[in-house]
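Trainee: Test case, fold it:
(chains A and B)
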Amino acid sequence: MSTHNMTVRGALPSEPKAIRIKDLIKRALVYALLVLGAAAFIMPFLWMLSSSLKPGYEVFSYPIDWIPKNIRWKNYVEIWQKIDFLTYYKNTIWLTLVVTFNSLVTSSLAAYAFAKIPFPERNTMFLVYIMTMAVPFQVIMIPQFILMKNLGLSDSLWALVVLQSFSPFGVFLLRQFFMTIPDELCECARIDGLSEFGIYSRIILPLAKPALSTLAIFQFKFVWNDFLGPLIYLTSDKNKTIQLGIRKFYTQYGVEYGLIMAASVCALIPVILVYAAFQKYFIQGIATTGLKG
Amino acid sequence: MSTANIAKRKSRSLRQARRLTAYAFLLPNILGFVTLTLIPIVAAFGLSFLDWDFANPAKFVGLRNFMRLARDSGFKISLKNTIYYSAVSVPLTIVFALFLAALLNQRVRGIKFFRTIYFFPEISSIIAVAVVWNMLYHPTMGPINSFLRSIGIDNPPGWTASVKWAMPAVILMSVWKQVGYYTVIFLAGLQGIPEQLYEAATIDGANSWQKFRYITLPMLSPTTFLVSILLVINSFKVFDQIVIMTDGGPGRATNVLVYYIYYQAFLLFRFGYASAIATVLFALVLIVTIVQFRMEKKWVHYTMM
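Mentor: Below is the predicted model of the structure:
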């Protein structure tokens, strides 16, 4: 709805002044609304950041001191001392990297078969994949838990690696992208004697970098922020992830608000950095699939 | 042997070889998919007919779990709360997302910066964000109530500490958190509407509201349909923010279905009973989605452009 452009284009030459004023008002209104919206979205984050640098009792002072009177950097030191936040951090990084890598490999291999190798059961199998994407994780989490327990994987990061490395969503996303790569390319390579794996690794994967990046970012964000999975599987302290760490902080040190905020800021930074670097792929991924991992 | 036969056999063996290659590529993913998704879907259904707590051997109890559900006030409340959450958060998110998408679709300078900001809550950890909101909501000291008092509201809501306001507080925070995601989908939909339609309407003398009502809304309806399907499914899965913000309370005011499943399965170890609730959740998601697809014809316009 670019009404602004339309008014300009549809304007009659006899009344340029009135149109210009109307246009100006419209533009001002758009900016006012944009700024209002931006404030609503960003203020809780700014409040979090500023609170993370305050001693606990100053957090709630009103009117809000956006810039703390006595900046307390110590909050960012204490979070690593009070609970084993470093272990949680390391666990989360490890888990995120392993799961993201695994799902890129398994999804791209399967997506290649679904997109580029014709075989009789292809469409039926792909349909089953798509249908299960709509089944909520919460419906199957109990059987999965029982299975993991029988495999001896409860209270282990490996349980989450096993559970999250085979995302049907990833297969769907990559398959859709591989379909847009012309089949002639593969045919030529086949005639030249390249094996299927050669075509996959040397032709398709390099061409699919945007889609692979999209999937990588979705998985990174999902695993890093995941709460229910770790909550069910990771019980001992040495296995916990950051999200569980924040919750622990919150329940154990409920009144040390500055510390809780510092821990939250630390949990957000990696995802925000990844988002800043690859924003394009985030937006494209959502706009084209409309689905979450 | 004739050459035709050889060719036939050759092509058949080629097809077999292709099939084998395909399965080799699929194997790693399918192995995980079958054991971790397909079998659990069937198992979840089967488990709901058992009485099982890990400590004692599983016992087949037929439909007794479901009969117990019908009398379980905790279950009924969690079902009611889930519907409450869904019925309020879904339309709110749609309206806000559509509005923000229209706003972000304006061609003004710095729009990319605003898009980045609007998407911020979406990428953030819901746990971190829920903790912050809980502090913002603090009934006596929180900035939200301090602000409300400063503008003359002497008795501001108790938010997460009040039975009446806990659910609205959770909904408000959830809409704030997720709206950016759906805004992006709407934005893509808006950008797919051909400019000529608006130009033609302008020439015909249509005002902004008429253009929105008679061009944007109908042209966008496939997107709105997709968004509403996704939103409804997601709303039935609400859990993380509940654990952090209210832990299902105060009382049982924010006890939702997934919270109740988690409570029954992983705190009380009633795997059979929890699976029965999970089955109800699945049935609910399925029914609502089917109903939405049935109603699709009535309001979704697919036009060939």
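Trainee: In chain A, which residue sits nearest chain B?
Mentor: Residue of chain A nearest chain B, by Cβ to the nearest Cβ: residue A:166 (2.9 Å). Quick note: C-beta positions are derived from backbone N, CA and C, even for glycine.
Trainee: isn't that residue right next to residue A:104, touching?
Mentor: No: proximity of residue A:166 to residue A:104 does not meet the contact threshold set by Cβ atoms under 8 Å, at 11.6 Å.
Trainee: So the two - more neighbours on which side?
Mentor: When neighbours are counted by other Cβ atoms under 10 Å in any protein chain shown, residue A:166 and residue A:104 differ, and residue A:166 comes out ahead with 23 against 20.
Trainee: what does the stretch 201-305 of chain B have sitting close to chain A?
Mentor: B:202-203, B:208, B:211-212, B:216, B:226-227, B:230, B:233-234, B:236-237, B:239-240, B:243-244, B:258, B:261-262, B:265-266, B:271, B:274-275, B:278-279, B:281-282, B:285, B:289 (Cβ under 8 Å from any Cβ of the partner chain).
Trainee: And those, which of them are buried?
Mentor: Buried by 16 or more other Cβ atoms under 10 Å in any protein chain shown: B:202, B:208, B:211-212, B:216, B:226-227, B:230, B:233-234, B:236-237, B:239-240, B:243-244, B:258, B:261-262, B:265-266, B:271, B:274-275, B:278-279, B:281-282, B:285, out of those.
Trainee: Tell me where the stretch 1-150 of chain B has helices.
Mentor: B:3-33, B:39-47, B:64-71, B:73-104, B:111-118, B:120-123, B:126-136, B:143-150 (DSSP state H, counting those that start in this stretch).
Trainee: Which elements pack onto the fifth one?
Mentor: I take that to be helix B:111-118. helix A:16-51, helix B:73-104, helix B:166-191 (3 or more Cβ pairs under 8 Å, 6 or more residues apart in numbering or on different chains; DSSP states H and E).
Trainee: what's the following helix or strand past the shortest one packed up against?
Mentor: What that stands for is helix B:166-191. Moving toward the C-terminus from helix B:166-191, the next helix or strand (DSSP states H and E) is helix B:195-203. If you count contacts as 3+ Cβ pairs under 8 Å, 6+ apart, helix B:195-203 packs onto helix A:3-10, helix B:208-211.
Trainee: re the thing from before, so the residue of chain A closest to chain B sits in a strand?
Mentor: No: read with DSSP: H, G, I helix; E, B strand; the rest coil, residue A:166 is coil and lies in no strand.
Trainee: Identify the residue nearest it in space, chain neighbours excluded?
Mentor: residue B:32 (2.9 Å; Cβ to Cβ, 6 or more residues apart in numbering or on different chains).
Trainee: Which one of the helices and strands packed on helix B:111-118 lies nearest to residue A:59?
Mentor: helix A:16-51 (4.7 Å; Cβ to Cβ).
Trainee: Packing partners of that closest one?
Mentor: Packed on helix A:16-51, when contacts are counted by 3+ Cβ pairs under 8 Å, 6+ apart, are helix A:3-10, helix A:257-289, helix B:73-104, helix B:111-118, helix B:120-123, helix B:126-136, helix B:166-191.
Trainee: hmm, try it at 7 Å
Mentor: Other elements packing on helix A:16-51 under the criterion 3 or more Cβ pairs under 7 Å, 6 or more residues apart in numbering or on different chains; DSSP states H and E are helix A:3-10, helix A:257-289, helix B:73-104, helix B:111-118, helix B:120-123, helix B:126-136.
Trainee: Now the fourth one: buried residues?
Mentor: The neighbour-count check on helix B:111-118 (16+ other Cβ under 10 Å) flags B:114, B:115, B:116, B:117, B:118 as buried.
Trainee: In the stretch 51-200 of chain A, mark out all the helices, start to finish.
Mentor: In the stretch 51-200 of chain A, the helices defined using DSSP H, counting those that start in this stretch lie at A:74-82, A:85-116, A:122-133, A:137-150, A:157-164, A:168-179, A:183-191, A:196-199.
Trainee: Determine whether any part of the second one lies close to chain B.
Mentor: Yes: judged by Cβ under 7 Å from any Cβ of the partner chain, helix A:85-116 comes into contact with chain B through A:106, A:107, A:109, A:110, A:112, A:113.
Trainee: how about that helix: buried residues?
Mentor: Neighbour counts over helix A:85-116 (16+ other Cβ under 10 Å) mark A:85, A:87-89, A:91-92, A:95-96, A:98-100, A:102-104, A:106-116 as buried.
Trainee: Model confidence for the residue lying closest to residue B:123 once chain neighbours are set aside, exactly?
Mentor: Nearest non-adjacent residue to residue B:123, counting by Cβ to Cβ, 6+ apart: residue A:275, 4.8 Å away. Per-residue confidence at residue A:275 stands at 86 (pLDDT).
Trainee: Next, count neighbours for residue A:275.
Mentor: As a burial measure, residue A:275 scores 21 neighbours (other Cβ under 10 Å).
Trainee: before we move on, the earlier item: so how far is residue A:123 from the residue nearest to residue A:166?
Mentor: 21 Å (Cβ to Cβ, to the nearest Å).
Trainee: for residue B:254, same thing?
Mentor: Applying Cβ to Cβ, the value for residue B:254 to residue A:123 is 43 Å.
Trainee: neighbour-wise, which of those two wins?
Mentor: Between residue B:254 and residue A:123, counted using other Cβ under 10 Å, the more crowded position is residue B:254 (28 against 10).
Trainee: Ends of stretch A:150-159, what's the gap?
Mentor: 11 Å (Cα to Cα, to the nearest Å).
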